[in-house]
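*Asks:* Quick check, what structure comes out for this input:
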Amino acid sequence: MSKRLKIQVSGIVQGVGFRPYVYNLALKNELSGFVGNDSNGVFIEVQGGDNSVDTFLQTLQQSPPPLAFIESISSEEIDPKSMNGFHIKQSVKGEHMSTLISPDMAICDDCARELKNETDRRFRYPFINCTNCGPRYSIIFDIPYDRPNTSMHQFEMCPACQSEYEDPADRRFHAQPNACEECGPWVELWDFKRNKIHEKDYAIVLARKLLRKGNILAIKGLGGFHLACDAKNPMAVRRLRTRKNRAEKPLAVMCKNLDIARELTELSEAEINLLTSQQAPIVLAKKRDEQSQYIAPNNPRLGLMLPYTPLHYMLFNGNLDVLVMTSANLSEEPICIDNDDAFDRLRSIADFILIHNRKILQRVDDSVVIQLNGQNRIIRRSRGYVPRPTTLLHSTPTILATGGELKNTLCYSKGNQAFISQHIGDLSNTLALDFFDHTRKHLGTILEIEPEFIAYDLHPGYLSTQWALEQDNLPKIGVQHHHAHMASAMVENGLNEAVIGIALDGTGYGTDGKIWGGEVFMGDYVEVQRFAHFEYIPAPGGDKAILEPWRMGLSYLYHTFGADYQKYLPDEWSSYPVDQVVEMIAKQVNSPMTSSCGRLFDGIAAIAGGRTEITYEAQAAIEFQHLMEETDRAALKYQIVERGKHYEIQVAPIVKSVIQRLDEGASLGEMSFLFHKMLVMLFSDIADLAREQSGLNTVVLSGGVFQNSGLFEWIIPELESRGFRVFTHSEIPTNDGGISLGQIAIAQTLIAKNKNQANISYS
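*Replies:* Numbers count the residues shown, from 1 in each chain. Next up is the predicted model:
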């Protein structure tokens, strides 16, 4: 008996080989009908025997094309028609496009095999791709996603490529970056005196030789330039660190294959799946030994990835095993994407430069993922994941959220979807702000939207906030930083209820003008109470207290012991201007008050014998965490004091306990263990208090401090053992990279309730 289905598919379904996939699936099941693109996604009608039609739909739902991201598939049975064969219809452009652009994806297995096949016409061609892999988001400047709207528009396909492009049965049907050596982009090797050394295949051969000799190369990749050197050459790595002004911060590496990655790290099955996935992120895995100490000093984890472009494969086609592959920029600047810009900005770092002539239109850094508590946790969300949307709780007017200052992302809402941008980075200079503005315009273009509202962080010093407040033509909604953290975890987990929110980080502007960072909330997207926080402590020198953790340690000692603080100063601090800093604290000069958990980490680490000065963000806390040694010494004490309608965590009992354990001979590693355990019990006890008062039984965890694997993996089972439902981040960064999503979630709820500010009670 004949059956006909009308099917509509929405999501990332254009430019990913969906129509040829449907075409071939229909032919396989001997079905007639058609498939086409429209403004809503892909429309399909199939007709044939009942079993064949059912098999077709089931396969479509369970095994879509590799790059497709299915949001919904709807189907209805309609009357059969008389027609022969199956056809691909011309695209239909509606008034507004609602289809999505695919992220950039790693080279697929089929293309990798062709790359190595001497009989294939694309043998050793470094830009091989198909509908299942390759550049997408990084090469598009407008919609629809057709070749004229990409940086491939300058390359006219040769007859062989054009034939593939037009054949529905071919893997390269409508693959917009399709090319070969005859008609596509090519690579060139140059020195920084603007002398071209060689081009095409031999340029890559020479680049490999230069790397083996210890040279540093700038290499143009998929979403930007990398700085590369032989990771097994300590001198080359040290030279790269010196030139890039990156003294101790861990460097990412790219391994030739999975066997090399296993030699360096203890990979779980989940981590192997991540490394070999189409997203191909940097994975933070546990080191096997200290051979890579100069790559990631004082850190038991190594950030590694596998080759994800054909050019990477060709660089490793020899006697290279592992390369440092770090973003090509100076500290705090966006990565280079333009050839001329790279020549200018990287000449003081790299010895040679390997470029190509396919333009990168959108900067896209490597994504970073870690496996914690049995789940993948995205730390930096960029290549491979952006611009894939996040589902909101309900439809909303179009909102642009400008994010925070560090690890900035921006976010647009459209209907019931939120589109978080790629990692933009720290908005600390004009280049970064230009990147922010370019990304804002580009996302607006490909989503075909203009914002009706702007949501922003309350911190008046943030460039993202200043930009938002300068937009006179749009209504604006200010969102408190830690409330946004809490809301981002809520919306990621689909929560539309009041919760207990624990938001721990280094810095966030509070509604009382002080610096928050050790916060426990009760409430939802609009009505929220600041239930508990660390008591305020001066941060002497402001930002300088972040770079010099001994200052925070001194502030905690002075707060705890007053004039007797000198009795407890570590001998190592003798060269520091202690008296001047104490005077700053006492007179409240340039010493903003903070409740930050991040600053508490820094201060306790410094007092216990850890880092007193840092060279990268959160270094003191990171190294303190990784030195942890289990001990049966008595636990650190803490005190939670009721202050009217909220609770305050006293720091003096913590500091006194730390000093006592040190006097008893506790090591730095033991102090780390005790401190982490104390925080777990402290915040679990506060959650109990919140539940007693409110009846709430759901806890969400957010903020950069929860990148700390020790704290994170201990607090979840502790809370669960007390009967709490615990929700955290996985697809959205727990750090400030997720702030923009939280701003969207709060702003949309405020708009729906016709309010312009969340009701945050903090006293």
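
*Asks:* Strands of the stretch 601-750 of the chain, start to end?
*Replies:* Counting by DSSP state E, counting those that start in this stretch, the stretch 601-750 of the chain has strands at residues 639-643, 646-650, 698-702, 725-727.

*Asks:* among those, which is the most enclosed?
*Replies:* Highest mean neighbour count of the strands of the stretch 601-750 of the chain: strand 698-702, a mean of 25 (counted as mean count of other C-beta atoms under 10 Å). Any C-beta I mention is one placed from the backbone N, CA and C, and that applies to glycine too.

*Asks:* just checking, what packs against it?
*Replies:* helix 481-492, strand 499-509, helix 709-721, strand 725-727 (3 or more C-beta pairs under 8 Å, 6 or more residues apart in numbering; DSSP states H and E).

*Asks:* redo that, cut-off 6 Å
*Replies:* Other elements packing on strand 698-702 under the criterion 3 or more C-beta pairs under 6 Å, 6 or more residues apart in numbering; DSSP states H and E are helix 481-492, strand 499-509, strand 725-727.

*Asks:* Now render the strands of the stretch 601-750 of the chain as CSV, adding distance to residue 162 and mean pLDDT.
*Replies:* Output for the strands of the stretch 601-750 of the chain, formatted as CSV (distance: least, C-beta to C-beta, whole Å; pLDDT from 0 to 100):
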stretch, distance to residue 162, mean pLDDT
strand 639-643, 71, 95
strand 646-650, 68, 96
strand 698-702, 50, 98
strand 725-727, 51, 98
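
*Asks:* quick one: which of these is nearest residue 369?
*Replies:* strand 698-702 (17.3 Å; C-beta to C-beta).

*Asks:* What are the contacting residues of that closest one?
*Replies:* Applying C-beta atoms under 6 Å, 6 or more residues apart in numbering, the contact partners of strand 698-702 are 485-486, 489-490, 499-503, 687, 719, 724-728, 734.

*Asks:* so of the helices and strands packed on strand 698-702, which one's packed in deepest?
*Replies:* For the helices and strands packed on strand 698-702, the highest mean count by mean count of other C-beta under 10 Å goes to helix 481-492, at a mean of 30.

*Asks:* got the angle between that one and strand 499-509?
*Replies:* Orientation of helix 481-492 against strand 499-509 (axes from the mean of the first three to the mean of the last three C-alpha atoms, to 10 degrees) gives an angle of 140 degrees.

*Asks:* want to throw the strands of the stretch 601-750 of the chain into JSON lines with distance to residue 415?
*Replies:* Putting these into JSON lines (distance: least, C-beta to C-beta, whole Å) gives the following:
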{"stretch": "strand 639-643", "distance to residue 415": "43"}
{"stretch": "strand 646-650", "distance to residue 415": "37"}
{"stretch": "strand 698-702", "distance to residue 415": "24"}
{"stretch": "strand 725-727", "distance to residue 415": "24"}
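
*Asks:* To residue 180, which of the ones you listed lies closest?
*Replies:* Across the strands of the stretch 601-750 of the chain, residue 180 has its closest neighbour in strand 698-702 (47.3 Å, C-beta to C-beta).

*Asks:* For the closest one, which strands pair with it and how are they oriented?
*Replies:* Applying DSSP bridges to the sheet, strand 698-702 is found paired with strand 499-509 (parallel), strand 725-727 (parallel).

*Asks:* Next, format those as CSV and append distance to residue 58.
*Replies:* Below are the strands paired with strand 698-702 laid out as CSV (distance: least, C-beta to C-beta, whole Å):
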stretch, distance to residue 58
strand 499-509, 38
strand 725-727, 32
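
*Asks:* residues making contact with stretch 479-499?
*Replies:* Residues contacting stretch 479-499 (C-beta under 6 Å, 6+ apart): 393, 455, 457-458, 501, 503, 508-509, 511, 516, 519, 521, 523-525, 528, 696, 698, 700, 702-703, 727, 729, 732, 738-739, 741-743, 745-746, 760.

*Asks:* now do stretch 705-724
*Replies:* 372-373, 504-505, 597-598, 625, 628, 676, 679-680, 684, 697, 699, 726, 734.

*Asks:* Among the residues you listed, name the buried ones.
*Replies:* Buried positions within the contacts of stretch 705-724, assessed by neighbour count (16 or more other C-beta atoms under 10 Å), are 372, 504-505, 597-598, 625, 628, 676, 679-680, 684, 699, 726, 734.

*Asks:* tell me the two of the residues you listed that are most distant?
*Replies:* Of all pairs drawn from these, the one with the longest distance (C-beta to C-beta) is 628 and 699, at 23.6 Å.
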